[in-house]
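> got a sequence here, can you build the structure:
(chains A and B, ligands or ions: 1)
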Amino acid sequence: MSCLAGKSRTCFTRNVSAPELPLSAPLNVGFDYTRSVGPVLGRFVNALRERRVEGVRGSDGRVHVPPLEYDPVTAEALSEFVPVASEGVIVSWSWIAEPVDGQPLSRPFAWALIRLDGADSSILHAVDAGSPASVHTGQRVRIRWADETVGHIRDIAYFVPVDGPDTEATEAPPPVAKREEGAPVSVVITPIHLRYEHSASPEESRYLRGLAEGKLIGQRCPSCEKVYIPPRGACPTDGIPTTDEVELPDTGIVTTFCIVNVPFLGQKIKPPYVAAYILLDGADIAFLHLVLGCDAADVRMGMRVRAAWKPRDEWWTSLENIGHFEPTGEPDAPYESFAHHL
Amino acid sequence: MPDVAVVGFAQAPNVRSTPGTTNGVEMLVPIFAEVFERTGLSKEDIGFWCSGSSDYLAGRAFSFIAAVDAIGAFPPIHESHVEMDAAWALYEAWLKIRMGEVDTALVYGFGKSSAGQLRRVLALQMDPYVVAPLWPDSVSVAGIQARLGLESGLWSEKDLAEVAARSRADAAGNPAAQLSGTVEVAELLDAPYFADPLRAHDIAPITDGAAVLVLASAERAADLVDSPAVITGIEHRVDSPALGVRDLTKSPSTAAAGRALDLDGVEVAELHAPFTHQELILRDALGLGDQVRINPSGGVLTGNPMFSAGLARIGEAANRILDGSARKTLAHATSGPVLQQNLVATLEVLS
Ligand SMILES: [Zn+2]
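Residues are numbered from 1 along each chain as shown, chains lettered A, B, ... in the order given. Next up is the predicted model:
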């Protein structure tokens, strides 16, 4: 894939025939899933905070734990609460030899449907039993409460055999929403953390690898001949991958822009500043970047700009290698020349 | 109201992982070309586009938007999306044609299951108050369901292994399948448990993939292919999301969907059963006897591309009509945990 010095122009007109693997990187997503509980689930989680379990009676007389807001048969709203025991019987179970992140136990355990005494339906939860040989359907188990209860399903840390000792909790309960001292819990918060391996497309990967060498690589649709930067997995007009590589200059025009006046968390530049769509010379699609180096009030549609690259030792596979664009001082492009790119 | 027929189906290879993006473009572009080739249609001929996929699978918000590039969505198109298996996107497209709004539609589904940890990601399909915060993985929950049937004598571990062995043998004829070949039941039963009582062969493999299916009004369909597969019935039903309320050894929603259809004379059934025991639950719910050929494609136990596997069942059932090897077939798709939501369709030769 390398090319000899002095021949780099011809190198960039080639078709990519032996593509390198696309770039990929870990992508970690996290947020606190925040939900209001309402009267039925609210009553349930507030009871858990006091280490009690309450079910709700369905229209057919069955007691459901966890409580259901609406009857599973008639869809009637349910409101008759029934206290149930904090011990019961395993209805069915499976064994998890290698627990995954976030589960109630980080050592091997059983997932089980457990029918608490006084209930007719069952609750899904974890049973800390040591090995699959020490779990069986019909086994009596009891709640191992979390050391600190907050009004959340995870106030039930897990279950243990009725006659067994409390075992050491391996997970702290998740946070609950702020509440007035002594007031009931009305919101539950569950932290969600997911891990992915994110891959760029082959076309995006060529572009990102080009940036690491200070090159702006677009690709041309073989059908409509439009040049996209960043290149796309498929031309949005023709639905076929862009394939022919085009090295673009780092000059272009501002097609449209906005002046950012509002400060926000994590902002890196002091407002006012300009975020603009930059259409590189030879490209058919604009991308978003910053225009600095002049007064925000002087930025115009059609203004000619050039990339201000960061020092070479800061380059990586990112458009951040260009710190911003700044005016070249050349005459503006006429509106008609970019009107169809808006 | 016009009848609706399947006129083309294609799927990407069912693979353990692709190096591509989570937006599916690389998997979709070739299979769109394949169905256009087969039907003689071009993207300008498609009246409505609908897809099924999942942001949680991709780890990105609005992840289906990028996939639209694969369509060639300029000039603007008439497009929609479901955050479910694409079989439900097909249902939306079926309605559009039935209502006379369009006479062709293209339905697609895609998913890169390998980008995250699938069985953990799927925990987020569960009740967000009292179940999902425990992160019950999809395999363990299916294990609970399997044990209920094992301990009540509805099925044995050998019955389950037989489903797996038959599926892999059938998949030998399916070039898209991820697993195929001859395996001995006794050999499968010698393997250790993955999630007691489930062994690896009881669990559909983690699969990246995509599928596309073209629908047309029956009138239009007759001009496009020799023997369109007319959707003579399509129904979907839902069971309670509360796992502990349901009898997990049964699928009342599948049974209800099946009762609303005429299943007499079904020769082939493609069932969306990601676990061996779920095939037995579905056969029972639909009353499918021994005369019905189950999953000649190998089914999802030999390749389970999330969010397109249900659509692919409809495609496989349609293919039997399109290639003239059957006159009436059944397709089933599921979405959600342990067969919570179920769609059943019948397909027949255009009369
Ligand atoms: Zn194009």
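> use CA for all of it now, contacts and neighbours both
Fine.
> tell me where the stretch 201-342 of chain A has strands.
A:216-220, A:227-228, A:244-248, A:251-260, A:273-280, A:287-291, A:304-309, A:322-327 (DSSP state E, counting those that start in this stretch).
> and the ones you listed as a markdown table, adding distance to the ion?
Converted to a markdown table, the strands of the stretch 201-342 of chain A look like this (distance: least, Cα to the ion, whole Å):
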| stretch | distance to the ion |
| --- | --- |
| strand A:216-220 | 8 |
| strand A:227-228 | 9 |
| strand A:244-248 | 12 |
| strand A:251-260 | 21 |
| strand A:273-280 | 18 |
| strand A:287-291 | 18 |
| strand A:304-309 | 26 |
| strand A:322-327 | 27 |
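> who's in contact with the residue in the stretch 1-150 of chain B that chain A sits nearest to?
Closest contact between the stretch 1-150 of chain B and chain A, by Cα to the nearest Cα, is at B:G72 (3.7 Å). Applying Cα atoms under 8 Å, 6 or more residues apart in numbering or on different chains, we find B:G72 in contact with A:A234, A:C235, A:P236, A:T237, A:D238, A:G239, A:I240, B:K43.
> repeat that with 7 Å
Each residue near B:G72 by Cα atoms under 7 Å, 6 or more residues apart in numbering or on different chains is listed here: A:C235, A:P236, A:T237, A:D238, A:G239.
> for the residues you listed, pick the one with the most neighbours.
With neighbours defined as other Cα atoms under 10 Å in any protein chain shown, the most crowded of the contacts of B:G72 is A:C235; it has 28 neighbours.
> is it true that that one touches B:D69?
Yes. Using Cα atoms under 7 Å, A:C235 is in contact with B:D69, at 6.3 Å.
> ok, and which of the contacts of B:G72 reach the ion?
A:C235, A:D238 (Cα under 5 Å from the ion).
> run a quick neighbour tally on the residue of chain A found nearest the ion.
Using Cα to the ion, A:C224 is the residue of chain A that sits closest to the ion, at 4.0 Å. Residues lying near A:C224 (other Cα under 10 Å) number 11.
> how about it, nearest residue that isn't a chain neighbour?
A:D238 (7.4 Å; Cα to Cα, 6 or more residues apart in numbering or on different chains).
> distance-wise, check the one you found relative to B:S113.
Going from A:D238 to B:S113 by Cα to Cα, to the nearest Å gives 27 Å.
> please enumerate the strands of the stretch 201-350 of chain B.
Counting by DSSP E, counting those that start in this stretch, the strands of the stretch 201-350 of chain B are B:206-217, B:229-238, B:268-270, B:293-294, B:304-305, B:328-335, B:341-349.
> per-residue pLDDT of residue 301, please?
Chain wasn't specified; assuming chain A. Note on A:M301: pLDDT of 97.
> nope, chain B please
So, for B:L301, pLDDT stands at 98.
> how about the residues of chain B that lie near chain A?
B:19-21, B:25-26, B:29, B:59, B:69-75, B:115-116, B:130, B:133-136, B:140, B:143-144, B:147-148, B:195-197, B:240, B:244-245 (Cα under 7 Å from any Cα of the partner chain).
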